[in-house]
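> need coordinates for the following:
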Amino acid sequence: MSALILAGTGTALALIYQQPEKVVSDAIMNLMSARAVQSKTTITSNWKVDGGESGTFTIKRLTFDSRASMQSLADENAEVEFTWDGKDYTTKGAAYVADSGDIYFKLSGIKEILSKLASKYTGNPSLPQKAQDDLDKIDGKWAKYTLQEMKADAPDAAKTYSCLIDAYKRIDRDKAATEEIKKLYLAHPFIKLSGTTKSKDGLNGYEITIDKAKASDFSTAMKTTAYFKAVDACNPSTEALSSASGVDQAMTVDSMPDLGPTVTLWVDPWSHTLRRVDAATVVKGAQQDGKDLSLTMVSDLTYDQSVVSTPPRDTMTAKEWVTSFSDFVQDVEPSVVSGSMSITAKANTTTAQTNANMVIKKAEVYYALEGEYPATIADFAKNTDSRLDDPSFTVVSTPPSNKSTIQYVCCGTDAGKVVYYDETKMAPVTRSLSMGGC
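Just a heads-up that it's a prediction; the model follows:
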């Protein structure tokens, strides 16, 4: 009998332990308590952008890799994969914030992209060698911006930044502060379950939504916590505080997103550890061409306190990085300006040609109706079909000087010409009427 009672008690406890609400709540609590969390998030999309002269872009995939450790405040890597005019490109970014507050950053794959962008505006397939050398100095190279440099460049910003770092490190190591936030969540559990439990790869999946009212209550209560007060002490400005803490902006009734049933938390059923978050959504008609925008996200989490991250060793100063980039802009700017002028000239010439064709068409209509070409510009108005009623340009009797002036000359009843200004050649171009020119 005792064995039966013990078995029944164990079964009941197991059932309670595996209740979806408890599993998800435990997962949130364990996430808050974790000393180190690493995540890899992949976002895929069909986002297509028509950049006009810059070309057509399709954002295919964004990947974010966060390697939190006990040695750094942040160790982030990002990668963007996109198609530009039918060719695939990949660019990467990385940032590392040391425990001291020093900031390291790196951009990779930018030389090819900036070279193509510049060539779009210069009309040249390759950059000047000096500009290429400038990009070689920074592409894939680490730069370092120290806290001391920040204090010299922007004392007020450095003061706030230092305070926030100290507050973060102090609170992050304060178990009581973490427990305070955990208790607040248990009092205002704003993550709700929806749908049925799923199973995949040894994990249980729980679809969730957000209870906006409870999220708002949680946000309000957060303002009484040691975490919030520590941030508040760094900068009492409400606007700055909201930006720094994220509490007001992230968890108010109006700003919380409608997650719906497409967000799923994947939890280890035995340890109640959150291992994955995935989401999918389709935004109707959100693309430039009116088509639907689809987005999917998968974020895998690990909790490895043994992960060791160290600051990059071979670095340049942030000032050196900025100087090299500024040199690149200066080296390529004359070509870009020239190229932009060329593009504008081509566009204006095309407009002038279109306007000239319209005048020729009207003159030919007049000839069909009257048996002769208009003797004067005013004669075009004698017939409705030959009237010059386009306000975007003016027909004149003198040589044209821009896209908005078209010269008309009658050389007799069966002859005439139309002249437009070609900005690419910086000269007028004459077109004869069909019956004869002059």
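> in a strand, Ser306, correct?
No - per DSSP: H, G, I helix; E, B strand; the rest coil, Ser306 lies outside any strand segment and is coil.
> and it, how far from Thr224?
Note on Ser306: its distance to Thr224, by Cβ to Cβ, to the nearest Å, is 35 Å. (C-beta placed from N, C-alpha, C; glycine too.)
> compare neighbour counts for the two and give me the winner.
Thr224 (10 against 7; other Cβ atoms under 10 Å).
> other residues contacting the helix or strand harbouring Thr160?
Element membership of Thr160 [criterion: DSSP states H and E] is helix 155-172. Applying Cβ atoms under 8 Å, 6 or more residues apart in numbering, the contact partners of helix 155-172 are 73, 99, 101, 147, 150-151, 177, 226-227, 230-231, 233-235, 240, 244.
> likewise stretch 344-358?
390, 392-393, 400, 402-404, 406, 418-424, 431.
> average pLDDT across it?
For stretch 344-358, mean pLDDT is 88.
> outline the domain layout of this structure.
34-336, 337-432 (automatic domain parsing).
> do you know which of those lies nearest Gln19?
The minimum distance between Gln19 and the domains of the chain falls on domain 34-336, with 10.2 Å, by Cβ to Cβ.
> what about the nearest residue to Asp289 once chain neighbours are set aside, helix or strand, and which?
Spatial nearest neighbour of Asp289, excluding adjacent residues (Cβ to Cβ, 6 or more residues apart in numbering): Lys48 at 7.2 Å. Assigned by DSSP H and E, Lys48 falls within strand 38-50.
> packing partners for that strand?
With contacts taken as 3 or more Cβ pairs under 8 Å, 6 or more residues apart in numbering; DSSP states H and E, strand 38-50 sits against strand 56-67, strand 293-302.
> did I read that right, Arg276 in a strand?
Yes - counting by three-state DSSP, Arg276 is part of a strand.
> wait, it touches Met297, no?
No - the pair Arg276 / Met297 is not scored as a contact, 10.5 Å apart, by Cβ atoms under 8 Å.
> mind putting the helices and strands packed on strand 38-50 into CSV with mean pLDDT?
Below are those laid out as CSV (pLDDT from 0 to 100):
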stretch, mean pLDDT
strand 56-67, 90
strand 293-302, 92
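> take these and write them to JSON lines, including distance to Ala213 and mean neighbour count.
Putting the helices and strands packed on strand 38-50 into JSON lines (distance: least, Cβ to Cβ, whole Å; neighbours: other Cβ atoms under 10 Å) gives the following:
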{"stretch": "strand 56-67", "distance to Ala213": "31", "mean neighbour count": "16"}
{"stretch": "strand 293-302", "distance to Ala213": "26", "mean neighbour count": "16"}
